[in-house]
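give me coordinates for this.
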Amino acid sequence: MYFAVFLTLYFSVGKELTQVISNKETFKAWIGTFGVYDEIIFVTIRAIQTVIKIIPAEPLEIGAGYIWGTYKGLALCMIGTEIGSAVILILTSLFGTKLLNALFDIEEINKWSFIKNAKKKYLLLTIIYLIPGTPKDFITYFVGITDTKILPFLLVTGIARIPSIISSTWCGQLLDKSSITIFVLAFSLITAISLIIGYYANKKLKILC
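Below you'll find the predicted structure:
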């Protein structure tokens, strides 16, 4: 069902929006049409993207860096992400496993069931959200049906998301300066660091489980 909803939203809204944010000049011109509300619109888009994956996260983060710079772009992305994550937790706490089963494959749900009984749950979540490539927003849906408290969860996972997001907004700022060579070098360095973090984080994750 989730896949069907995703496809419907992607082809009705997401595809066009992805094309807009993937082009730095087009995205800058488009977001500029909202005037003083441009940051509110961006945060709203980011929150929706967190709840329903109709557009990829990385172009949004790079676009934020291009328009607002590394740190303001990071702040706007983080606000939208935290709002979206809070919405997911509220929805899953209200509707429980019925919502989760309606949206996702049961095998995918069972894959992350070890989080429930982890020895050090919040440390485990920090590591999972730090690892590049993990389905973070899906895991947020799963966490919503556990006894995990909302505020500590938002705090630890928000901090864990920072390295990934700030690397994207930094790359976006480099694009604004037309430093293509520096952008490529920075992207390569970030990718290498992400792989190293992922390797050691996975080893730590096995210990905690």
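
give me the element T134 is part of.
When elements are assigned from DSSP states H and E, T134 belongs to no helix and no strand.

what is the least confident helix or strand in this protein?
helix 2-9 (a mean of 49; mean pLDDT, DSSP states H and E).

now do the helices in this protein.
2-9, 15-22, 24-32, 38-51, 57-68, 70-103, 106-111, 121-130, 136-143, 150-176, 180-208 (DSSP state H).

average pLDDT for the fifth one?
Translated: helix 57-68. For helix 57-68, the mean per-residue pLDDT is 87.

use 379 as the first number from now on
Noted, 379 is the first residue going forward, which turns the last one into helix 435-446.

report all helices and strands that it contacts.
Packed against helix 435-446 by the contact rule (3 or more Cβ pairs under 8 Å, 6 or more residues apart in numbering; DSSP states H and E) you find helix 393-400, helix 402-410, helix 416-429, helix 448-481, helix 528-554. Just so you know, the C-beta spots here come from the backbone N, C-alpha and C atoms, and that holds for glycine as well.

correct me, but I523 touches L472?
No. The pair I523 / L472 is not scored as a contact, 10.6 Å apart, by Cβ atoms under 8 Å.

who's more crowded, these two?
I523 (18 against 10; other Cβ atoms under 10 Å).

who's in contact with that one?
Listed by Cβ atoms under 8 Å, 6 or more residues apart in numbering, the contact set of I523 reads T470, S471, G474, T475, L478.

quick revisit: check the helices of the chain for me and report the most buried one.
helix 435-446 (a mean of 24; mean count of other Cβ atoms under 10 Å).

so that helix versus helix 448-481, what angle?
Angle, helix 435-446 to helix 448-481, by axes from the mean of the first three to the mean of the last three Cα atoms, to 10 degrees: 150 degrees.
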